[in-house]
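Colleague: sequence? don't have it. structure:
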């Protein structure tokens, strides 16, 4: 069964509500004042922001069915017939720096953040589209790191095509040598985060590199197998023993060791 292209439509938010009208006297018998009514100011995103939304629509049409074929067995149905893109003025103070997030079949985009973000907008959207494909049932296991790791695995392996099977790690098991063009790695490096034990819990690009290392060195289909297990509510950490030959934490320590060794080799070959 082939996945048909998803229909994708864009919905702008309702107008922003600012200020209020002055209360007016009611014509009801008790003559009670009516509640204040908010004044409506139309939300008019800039042409540049709207261009990003159009990019998103094209990405959904291509990548939503493609990601489904990459992560699931043949014939797996798309989770939704339609994907909705919702452009909002912003997400409020708690999510002030968030550019986009996915929920069910909707991707919410902050016009405020889109206007100032760098050129990796499309790559970020592929990450969010992957979340639309995932739609895992609730789990009693600790799966957040894996959910985000799979989404970044798709982003970096198939879209940006810059995924690596090792990390740049120094002798203290901290990320080392990253630049701002790898923002998540760069942030963790500046924070001096140790990845020695359960570093996969840092999720995102850290977890995606770990998953790619597992794919290259242990089981070429491990990401798809883990994804299918998550989608069926059958994921347990013991699956790493089944597919990778050791417990999750043992595999992580092996990955850190391989990354540390690769970093030393790179440093040695870089010397004049």
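Modeller: That came through fine. Worth saying up front: this structure is predicted, and the values here are computed from it rather than measured.
Colleague: let me know the helix or strand that the most centrally placed residue in the chain is in.
Modeller: Nearest to the mean C-alpha position of the chain, counting by CA atoms, centre = their mean, stands residue 127 at 4.0 Å. Taking DSSP states H and E as the criterion, residue 127 maps to helix 121-134.
Colleague: ok, and what's touching the lengthiest helix in the chain?
Modeller: In the chain, with assignment by DSSP state H, the single longest helix is helix 47-71. Residues outside helix 47-71 that contact it (CB atoms under 8 Å, 6 or more residues apart in numbering): 3-6, 8-10, 45, 76, 78, 83, 85, 87, 107, 109, 111, 114-115, 121-122, 125-126, 129-130, 132-134, 150, 154, 158-159, 223-224, 227-228. For glycine as for every other residue, the C-beta is placed from the backbone atoms N, C-alpha and C.
Colleague: what's the burial count for the residue nearest to residue 249 when sequence neighbours are not counted?
Modeller: Spatially, and ignoring its direct neighbours in sequence, residue 249 is nearest to residue 198 (6.5 Å; CB to CB, 6 or more residues apart in numbering). Look at residue 198: counted by other CB atoms under 10 Å, it has 13 neighbours.
Colleague: same question for residue 212.
Modeller: Residue 212, neighbours per other CB under 10 Å, totals 22.
Colleague: numbering from 342 from now on, please.
Modeller: Sure, I'll start numbering at 342, so the last one becomes residue 553.
Colleague: give me the contact list for whichever helix or strand residue 590 is part of.
Modeller: Taking DSSP H and E as the definition, residue 590 sits inside helix 589-611. Around helix 589-611, the neighbours that count as contacts under CB under 8 Å, 6+ apart are 506-512, 514, 517-518, 536-541, 551, 554-555, 558-559, 578, 581, 585-587.
Colleague: average pLDDT for it?
Modeller: Averaging pLDDT along helix 589-611 yields 88.
Colleague: for that helix, what is the distance to the chain centroid?
Modeller: 26 Å (CA atoms, centre = their mean, to the nearest Å).
Colleague: pull out the buried residues from it.
Modeller: 589, 592, 593, 594, 595, 596, 597, 599, 600, 601, 603, 604 (16 or more other CB atoms under 10 Å).
Colleague: show me the helices in the stretch 342-491 of the chain, by range?
Modeller: 388-412, 452-455, 462-475, 485-495 (DSSP state H, counting those that start in this stretch).
Colleague: can you put these in TSV and add mean pLDDT and distance to residue 532?
Modeller: Putting the helices of the stretch 342-491 of the chain into TSV (pLDDT from 0 to 100; distance: least, CB to CB, whole Å) gives the following:
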stretch	mean pLDDT	distance to residue 532
helix 388-412	93	30
helix 452-455	90	22
helix 462-475	96	21
helix 485-495	98	17
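Colleague: of all these, which lies closest to residue 440?
Modeller: helix 452-455 (4.3 Å; CB to CB).
Colleague: check which helices and strands that closest one sits against.
Modeller: Contacts defined by 3 or more CB pairs under 8 Å, 6 or more residues apart in numbering; DSSP states H and E place helix 452-455 against helix 388-412.
Colleague: and the helix it packs on with helix 462-475, angle?
Modeller: Angle, helix 388-412 to helix 462-475, by axes from the mean of the first three to the mean of the last three CA atoms, to 10 degrees: 40 degrees.
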